[in-house]
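*Asks:* sequence and predicted structure, then a few things I'm wondering about:
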Amino acid sequence: MLREFTKGFIKENPVFVMALGLCPTLAVTSSVVNAIGMGLAATFVLVFSNIIISLIKDFIPTKIRIPAYIVVIASFVTIVDMVMHAYLPAIHKSLGLFIPLIVVNCIILGRAEAFASKNNVLKSILDGFGMGFGFTFALVVIGGIREVLGAGQFLGMNVMWTSYKPMLVAILAPGAFIVMGLLMGLMNLKKKK
Amino acid sequence: MNYFTQIFALAIAAIFVQNFVLMKFLGLCPYIGVSKKLDSALGMGMAVIFVMTMASVFTWLIQTYLLIPFRLEYLQTIAFILTIASLVQLVEMIIQKTAPALYKSLGVFLPLITTNCAVLGVAILNVQSEYNFIGAILNGLFAGVGFTLVLVMMAGVRERLDKAEVPPAMKGMPIAMIIAGGMALAFLGFAGLKF
Amino acid sequence: MNSVYAVSAAPHIKQKISVNSVMWQVVLALVPALLVGIFFFGIQSLLLTLYSIVAAVATEGIIQKMRKIPITVSDGSAVVTGVLVAFNINVAAPWWLPVIGSVFAIAIGKQIFGGLGFNIFNPALLGRAFLVASWPTLMTAGWTKTQPLWNTFQSSINGLQNISSKVPDAITAATPLGVAKALRDTTLVSSEIANSVMNDLTSSKTIFELFLGNIGGVIGEVSAAALLLGAAYLAWKHIIEWRIPVSFIGTVAVLTFTFGGINGIFSASIMLPIFHIFSGGLILGAFFMATDMVTSPVTKKGRIYFGIGCGVITVVIRLVGGYPEGVSYSILLMNIIVPLLDKYTVPKSFGEVKK
Amino acid sequence: MSLKSFHGGIHPPDFKQYSKDASIEVMSPPAKVVIPLSQHIGAPAKPIVKIGDEVLVGQKIAEAGGFVSISMHASISGKITKIGKFNHPAGMMSNAIEITGDGEDKWIELVDEKDYTQLSVDEIKKRIADAGVCGMGGAGFPTHVKLSPPAEKPIDTVILNGVECEPYLTADYRVMLENSAEILAGLKIFMKTVSAKNGVIGIEANKPDAIKIFKQLVKNEANISVVNLKLKYPQGAEKQLIYAATKRKVPNKGGLPMDVKVVVQNVGTAIAVYEAVRYKKPLVERVITVSGKIVKSPKNLKARVGTFYSELLEKCDGTTAEIGKVISGGPMMGFAVSSLEIPMAKTSSGVLLFDEKEAHNDAESVCLRCGRCVDVCPLDLVPSLIVHNVRYEDWETAEKYGTMDCMKCGSCVYVCPSHIKLIQWIDIGKMKINELRRK
Amino acid sequence: MKYYIKLGLILFVITAIASGILAFLNGKTQPIIEENQVQAQINARLDVLSAAGFFVEDSIKIAKKQDANPLKIQKEVSENWFKYFRGFDADSLLIGYTFVASLYGYSSEVQTMVGVDTNLVVKKIKIISQAETPGLGANCVKEDFQKQFDGKSEKQLAVDKDGGEIESITGATITTRTIANSIKIGLNHLSKSVEIEEVD
Amino acid sequence: MLIYSIIILGSLGLLYGLGLAFASKKFHVHVDPKIEQINEALPSANCSACAFPGCSAYAEAIVVKGVDINLCAPGGDDAIQQIAGIMGLEATSANKKVAVIHCQSGGKDNTFYRYDYQGIQSCKAAIALSDGPNLCKYGCVYQYDCVRSCKFDAMSVDDNGMIHVDKEKCTGCGACVVACPRDLIELVSDKKRVHILCTSHDKGAESRKSCGNKTACIACTLCVKKCPKDAIYMDNNLAIIDYDKCVNCGICADVCPTSAIFDPLKEVRAQRKAAAAKKKAEAAKKLEAQKE
Ligand SMILES: Cc1cc2nc3c(=O)[nH]c(=O)nc-3n(C[C@H](O)[C@H](O)[C@H](O)COP(=O)(O)O)c2cc1C
Ligand SMILES: Cc1cc2nc3c(=O)[nH]c(=O)nc-3n(C[C@H](O)[C@H](O)[C@H](O)COP(=O)(O)O)c2cc1C
Ligand SMILES: Cc1cc2nc3c(=O)[nH]c(=O)nc-3n(C[C@H](O)[C@H](O)[C@H](O)COP(=O)(O)O)c2cc1C
Ligand SMILES: Cc1cc2nc3c(=O)[nH]c(=O)nc-3n(C[C@H](O)[C@H](O)[C@H](O)CO)c2cc1C
Ligand code: SF4
Ligand code: SF4
Ligand code: SF4
Ligand code: SF4
Ligand code: FES
């Protein structure tokens, strides 16, 4: 049981190991706050859509399962979108386009669970949390590195020496790719040992 | 600006300056996933161009004639993704039946596209940027072309790196990311391009 | 067995040439440009270059040690990269700028792909692009802080400033290309001023100064004459070959002549292409960086296309891009398609039957 | 006048000064010879003698093993002492016949047919075949076969290859100076046999005296010309020579000179053919260059086929320094061999001796993609990419890039700054591709 | 046929439920979102014209909206209105105006809330929306930068390089110029409107 | 508002559902049911982590081209097991074969050379030059084609250039067997312990002379005579073990005068034998002592 939960962190980390859901991962990690916001939003969608899907999957004919599940996932994404817009307008603004795009992401992350296995509701929830937190974890790591290097800050606080001139590229697109690549390489190195 | 210049500017922007993949972070999964072989990259690229254009058309229509008149903008995400998914599936089935050759070279990539954020992304961006119908279609088309361009470049590079002494830990995805980083750095050269 | 003869495959004689000799000769060919840099910008340019070389070589050695592969820093390729990174930096830069640039160039630009021979991007240019994106102000500011050793040259630098002072946006970017670029922003200057500045820029005096290197710019690009001297040496030694430089520079010349004028197509004077050739990093780029063999096509036809592509992108960026100079980005962008160029330009072998 | 040539190629130092002025010396028959059964392209010859048989010089001891094959003749008189595996000039072990001489040099009976020019084409071909003549320019293609192109491939030009572009070698050069009349006679025989209208003698510009002699000789021959070729390696390679002389391109992927109506023959072959037709003299001796910086007195020796290199060297007074490498043939295309106890063959044009330093071979480093190999490849291949694909075992791409077309001229290896042994890699590619094709 | 209908119906049910829930939630969140936005605007206005007690919206017709993003083919807008607010103090005395200035900068549309006094001298500005390059153009949100606009009149509103008094952000002249120009254009519109008022 | 919402989105759903259902009937294309099944088992994420363009392409590749079944990242172990079930794949068979290199010349230093090979690192290329550099025309040429061909890192090279096969890592894929141009490598059940490590068909005296390690088979036929199971036969001057008959007794290894036959337990056996003899001797001594 616990394994369902923990595997998402390292062994099956959706970002580092499976390289899925890359767009939000790279697009929103220019700061840690954004990373946390995106991670939690995705976790919410994952958990709830996992619940609903594992409840209704027996009633859905195969021919239309794809649209059906998409609807479920997209609904939760819309909910997150609305709620964030209402209560966390700042983060909602900086995540922008990538909130609706959680749909795409979660289709990938969530459907593995929904279709490939016949798990019960509890397991699905755990898996959702595991994957979601793994995703969040990855986002925070990447966001942390990029924010520290690229802005000299962590969660908005200055952490570098005063004369530090931020390495801007870290919060731009190229920096996102390179940090991501190096982290993935590091994971591979760790895995080998 | 006359219309032609506008179209040209739009193309340059969508393909180079605001490249979907390298600058906007859209469609990264296929960019990394389907860039191992040049042939697949080309097939995928063509399929994406096709679907992005189609999706732009349909989502624009839905947005303009259903969602806005009834003040249902909040259903945008769900309506768009549903439309795109169904559209793709439909097209796939039709091509598979009616044009098997086309299916072999192009159609097999179609299912991938549902889970390509670039498609949903372009649909939403069309709305956000308040494009008119023509603008939406062209944006979809050129964004697809931009995607294909970098995808094919990436595939070329990765085919070459297949035969190189890349450190084992960096093989595969990590080095692809580094290449993407390098490409993004190079594409910064187009930053601020204006006519 | 008393005497064991050596047996190897034919041929049994070999030209005296090696990777080391090629690389060190490139270093040698870059020395004149460095000397001119020191002459115009002071001893600081030498120091920056040395920091850069040390950083490049050390990075190469450390990574090779970590990867447990033979350490080949003596082959000189890291030295070339180090020199070229420094050459792309202006003399007012802090000491750590070339250092970080070289570390990035070697680590991410080269070793991560497997080291010499496998890298996709020109390491020095990737390093430069990285620095420009990271510290844009440090990379572009301070070009005018030249410290000429020989005071009479001061006057002509003032001359350039006089020209540029007519153009509001060009003050901080007192390179000839910066001025030329600002001219195109017609909202800033009247067409009268623009035309007169254009005339100044394409006057034979300015071009002669461009040729000698008596201008603002980064350490290595200022003197076309010194660079051409080095390039001539390399060409004579068959280390670089004509295709890339000629097609690169030729394309720039044709396109700037056609589109470079500020009053529409073909409005440029015949001097404008010459101005474009000798200003900015074109000579450095075309002869020393686009010709980097690892990151340019191996096929003959590929090299021509490569040069033309570099030329087109350079002109596009120079004329309508966000930066005054496009040489480095053009080479980087063309680097990306080198594998494709190689793949699709493999020549028909001798006697290929036409079908 | 710009000299005729091809594109690509290299300019190695020619080292011909060592032996260029040494006129041909006839070597007395050695005490023992070993006649390899496979000195040519095609099926090995089949022995027709037993151990203990007495043979005369010129007596046939092995018969052609098929259509594309040649017969072998005793090159000294004496007794057959062994039939079995011996060292071969190309390095490996192969079947051969050993003859221990009686010291008498007894020849079979020769003729002297003064109006040999009147002989029928078939008779000429028969005499050539009987004499066991194969190409002496290196490849060793059976000459009578080369002279029998299928009817649908008419020949209009015969080119005599007097280029000798390999450094060090001077055998052909000396032959051209000393036996020019025979060479011309041989050329005419070739032309008659294949009914070619034109004859061309191709000579590299570094042999002005040879050019002069032939120009003089053909002054009155309307249909024979001498072309002065630019000094460049591999000017003597068949396809390059044909291109330089006639601007015709032999098709790749296994095309032959006859596809462009040309036959190319070495000048040595011309003499052998002349002698075979006029005197019915089998090919039992040839001129071979023994050279190298360390050879005391480099020479051009007319020696019997089967003579050991050690004896040739002895005739040249040995070496001044320790031998590091022995090369059978020229330095660009010859084979390094592991001992001096190697018999010379009909195709042996030279023996080169290198000292330890010259023998040294730098280790490979990684390909810089500098393209120098591409610039020099006379066949317009992209050696660097071929080798890259062979190294990473992408046989399909390697084949597509023309692995099989490479003639192994070695130009690419000569110029490579990374010391990459491209030919060896290409060889691996060829072996593997052949293996795959067979499947 | 029946089967098809069944499939269609299932999908119908699912989407219907989903949209029902969403509609419900939208009903709950939409007012908050709108309220937030209104409040944010009021706050922004108050920020730049702190002495004001309440605002009254007004607008004038202008020839054509400035090209927002030159690289876009946009819906045609036949006519444009320049919107601004009059700020009154507690005693209902007109003390100034606020408006949103907006122009396309380096890589995005930069929107600035501007407060001016009745003489059309800038009191304070606040960048309310931008997506310029982080570390470069994005530095325009910094307090120090925005402060220098205080007390500037239309003439002074230009980048120092262009002869004005606004010191540009290092490495981001374009952004700076954009902001200055956008305010200038706004003031221009406003001045016309104010003139009209005076005629009234 | 609510009503519109339900009606519009619902009818979109209805439309798409009908459309898809209809199209799936109308445009149905027959595919291998296995492909369909695998497609079902796969997550339909179409993420292309498997390097195929989408799940169905991967499913097809498994069935048609026999591609590995463990490439789907999102599917994880579950998917692999399901696919294995569909494809009827068994766990790898119990009787494992590993590579044995039939030459123990003892590495670079122990080999006699005919010439000094200066060429690329490739056994094939080395042999193409004058039949290879070593005096023995059968032995290993130490350019390691086999080591490079092993995808499983099962072969290692020691300080003297000798190659060792790690029985654990070796999967018996046979790549090295194909790679070796001297045909020195054979796949043998990992239960077999006794091997003849020479391939020289030269006459005894000759092979003795050319083997630098002096471990050549000299065709003395002692092993053939002593083998209790008749598992060894001579083939043109070389002893060969018929592994089907061999029972690992190691007698042949004990009698081989040149140690051409290798048995890891030979030493142990010798020690044990010595110990036993010693014991026996001691016992005898004791006995004698007691007697006295
Ligand atoms: C390896 C290394 C990396 C450095 N990286 C940076 C950097 O990224 N940004 C920076 O502002 N300074 C960097 N520095 C420079 C110093 O840490 C310090 O900031 C600088 O010397 C302060 O000098 P100043 O007073 O001239 O600004 C680096 C120094 C070293 C040795
Ligand atoms: C690279 C290369 C160089 C050659 N150089 C010569 C040469 O210098 N002289 C020559 O007679 N043949 C040379 N040959 C052989 C010719 O291609 C051709 O086989 C020969 O001239 C035919 O004559 P033959 O059959 O009489 O030997 C060379 C071949 C190659 C592949
Ligand atoms: C990645 C990148 C992002 C940039 N972003 C901005 C920006 O947001 N705003 C801006 O004004 N200039 C930006 N620039 C810089 C401009 O291209 C140009 O160099 C600059 O405006 C010159 O201004 P200066 O005169 O202040 O140095 C950026 C440059 C790069 C390389
Ligand atoms: C003609 C020539 C040009 C070179 N140009 C560059 C260059 O522009 N940038 C660089 O990093 N290295 C350059 N090098 C050095 C070397 O090729 C480079 O480090 C490789 O790209 C690393 O794989 C050059 C070498 C030569 C011979
Ligand atoms: S000459 Fe050598 S280093 Fe240059 S491309 Fe050819 S093989 Fe590579
Ligand atoms: S590839 Fe072959 S033909 Fe070309 S230069 Fe090399 S050896 Fe000669
Ligand atoms: S190549 Fe295959 S058979 Fe040979 S050692 Fe490696 S795993 Fe074993
Ligand atoms: S492939 Fe054969 S010859 Fe080569 S190293 Fe391996 S065992 Fe020895
Ligand atoms: S394409 Fe996978 S997250 Fe965007």
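*Replies:* Perfect, thanks for sending it. Ligands and ions are numbered 1, 2, ... in the order given.

*Asks:* in stretch E:93-102, what counts as buried?
*Replies:* Judged by neighbour count using 16 or more other CB atoms under 10 Å in any protein chain shown, the buried positions of stretch E:93-102 are E:Ile95, E:Gly96, E:Tyr97, E:Thr98, E:Phe99, E:Val100, E:Ala101, E:Ser102. Every C-beta, even on glycine, is put in place using the N, C-alpha and C of the backbone.

*Asks:* and the last one, that one's in a helix?
*Replies:* No: secondary structure of E:Ser102 (DSSP: H, G, I helix; E, B strand; the rest coil): strand, not part of a helix.

*Asks:* now do the strands in chain A.
*Replies:* Listed in chain order, the strands of chain A (DSSP state E) span A:153-154, A:157-158.

*Asks:* in CSV: those, plus distance to ligand 1 and mean neighbour count.
*Replies:* Below are the strands of chain A laid out as CSV (distance: least, CB to the nearest ligand atom, whole Å; neighbours: other CB atoms under 10 Å in any protein chain shown):
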stretch, distance to ligand 1, mean neighbour count
strand A:153-154, 14, 16
strand A:157-158, 13, 10
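
*Asks:* name the residues of the host helix or strand of B:Met154 that are buried.
*Replies:* Taking DSSP states H and E as the definition, one finds B:Met154 inside helix B:133-162. In terms of neighbour count (16+ other CB under 10 Å), helix B:133-162 has its buried residues at B:135-161.

*Asks:* residues of chain B that sit close to chain C?
*Replies:* Neighbours of chain C within chain B, by CB under 8 Å from any CB of the partner chain: B:38, B:152-153, B:156-157, B:159-161, B:164-167, B:170, B:175, B:178-179, B:181-183, B:185-195.

*Asks:* again, only this time at 7 Å
*Replies:* B:153, B:156-157, B:159-161, B:164-167, B:170, B:175, B:178-179, B:182-183, B:185-186, B:188-195 (CB under 7 Å from any CB of the partner chain).

*Asks:* show the buried residues in the residues you listed.
*Replies:* B:153, B:156-157, B:159-161, B:164, B:166-167, B:170, B:175, B:178-179, B:182-183, B:185-186, B:188-193.

*Asks:* so which of the residues you listed also contact ligand 3?
*Replies:* B:Leu188, B:Ala191, B:Gly192 (CB under 6 Å from any ligand atom).

*Asks:* now, among the residues you listed, which is nearest to F:Ser122?
*Replies:* Compare each of these with F:Ser122 using CB to CB and the shortest gap goes to B:Leu188, at 43.9 Å.

*Asks:* confirm D:Ser384 sits in a helix?
*Replies:* Yes: checked against three-state DSSP, D:Ser384 lies within a helix.

*Asks:* interface residues of the stretch 251-355 of chain C facing chain B?
*Replies:* Within the stretch 251-355 of chain C, the positions lying close to chain B (CB under 7 Å from any CB) are C:317, C:320-323, C:326, C:329, C:332-333, C:336-337, C:339-340, C:343.

*Asks:* among those residues, which are in strands?
*Replies:* Counting by DSSP E, no part of these is found in strands.

*Asks:* report the buried members of those residues.
*Replies:* The neighbour count (16+ other CB under 10 Å) marks C:317, C:320-323, C:326, C:329, C:332-333, C:336-337, C:339-340, C:343 as buried among these.

*Asks:* show me the residues you listed that map onto helices.
*Replies:* Those of those mapping onto helices are C:Ile317, C:Val320, C:Tyr329, C:Leu332, C:Leu333, C:Ile336, C:Pro339, C:Leu340, C:Lys343, per DSSP state H.

*Asks:* now the closest residue to the last one other than its chain neighbours: how far from ligand 6?
*Replies:* The one in question is C:Lys343. Once flanking residues are discounted, C:Lys343 sits nearest to B:Gly156: 6.8 Å by CB to CB, 6 or more residues apart in numbering or on different chains. Note on B:Gly156: its distance to ligand 6, by CB to the nearest ligand atom, to the nearest Å, is 24 Å.

*Asks:* what of C:Val91?
*Replies:* Here C:Val91 is placed at a distance of 46 Å from ligand 6 (CB to the nearest ligand atom).

*Asks:* how many neighbours does F:Lys245 have?
*Replies:* 12 (other CB atoms under 10 Å in any protein chain shown).

*Asks:* ok, and the closest non-adjacent residue to it?
*Replies:* F:Ala231 (3.6 Å).

*Asks:* give me the low-pLDDT residue ranges for chain A?
*Replies:* Applying pLDDT under 70 to chain A flags residues A:1-5, A:7-12, A:18, A:63, A:106-119, A:192-193.

*Asks:* ranges for the helices of it?
*Replies:* Using DSSP H, helices in chain A cover A:2-6, A:22-27, A:32-56, A:65-87, A:89-95, A:102-116, A:121-151, A:173-192.

*Asks:* want to throw the ones you listed into JSON lines with distance to D:Ser297 and mean neighbour count?
*Replies:* Putting the helices of chain A into JSON lines (distance: least, CB to CB, whole Å; neighbours: other CB atoms under 10 Å in any protein chain shown) gives the following:
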{"stretch": "helix A:2-6", "distance to D:Ser297": "84", "mean neighbour count": "14"}
{"stretch": "helix A:22-27", "distance to D:Ser297": "75", "mean neighbour count": "26"}
{"stretch": "helix A:32-56", "distance to D:Ser297": "83", "mean neighbour count": "23"}
{"stretch": "helix A:65-87", "distance to D:Ser297": "89", "mean neighbour count": "24"}
{"stretch": "helix A:89-95", "distance to D:Ser297": "88", "mean neighbour count": "17"}
{"stretch": "helix A:102-116", "distance to D:Ser297": "81", "mean neighbour count": "27"}
{"stretch": "helix A:121-151", "distance to D:Ser297": "74", "mean neighbour count": "22"}
{"stretch": "helix A:173-192", "distance to D:Ser297": "64", "mean neighbour count": "21"}
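
*Asks:* so for ligand 8, which of these sits nearest?
*Replies:* The minimum distance between ligand 8 and those falls on helix A:173-192, with 25.9 Å, by CB to the nearest ligand atom.

*Asks:* now do that closest one: which elements does it pack against?
*Replies:* In terms of contacts (3 or more CB pairs under 7 Å, 6 or more residues apart in numbering or on different chains; DSSP states H and E), helix A:173-192 is packed against helix A:22-27, helix A:121-151, helix B:173-187.

*Asks:* export it to PDB, keeping only CA atoms.
*Replies:* Only the C-alpha atoms of helix A:173-192 are listed here, as PDB (Å, rounded to 0.1, in the frame of the first residue of the first chain):
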ATOM      1  CA  ALA A 173      13.600  28.700 -21.400                       C
ATOM      2  CA  PRO A 174      17.100  27.400 -22.100                       C
ATOM      3  CA  GLY A 175      17.900  27.300 -18.400                       C
ATOM      4  CA  ALA A 176      14.800  25.300 -17.800                       C
ATOM      5  CA  PHE A 177      15.800  22.600 -20.300                       C
ATOM      6  CA  ILE A 178      19.400  22.500 -19.100                       C
ATOM      7  CA  VAL A 179      18.600  22.200 -15.400                       C
ATOM      8  CA  MET A 180      16.000  19.500 -16.200                       C
ATOM      9  CA  GLY A 181      18.500  17.600 -18.300                       C
ATOM     10  CA  LEU A 182      21.200  17.700 -15.700                       C
ATOM     11  CA  LEU A 183      18.800  16.600 -13.000                       C
ATOM     12  CA  MET A 184      17.600  13.700 -15.100                       C
ATOM     13  CA  GLY A 185      21.200  12.700 -15.700                       C
ATOM     14  CA  LEU A 186      21.900  12.900 -11.900                       C
ATOM     15  CA  MET A 187      18.900  10.600 -11.300                       C
ATOM     16  CA  ASN A 188      20.300   8.100 -13.800                       C
ATOM     17  CA  LEU A 189      23.700   8.300 -12.000                       C
ATOM     18  CA  LYS A 190      22.000   7.600  -8.700                       C
ATOM     19  CA  LYS A 191      19.900   4.800 -10.100                       C
ATOM     20  CA  LYS A 192      23.000   3.000 -11.400                       C
END
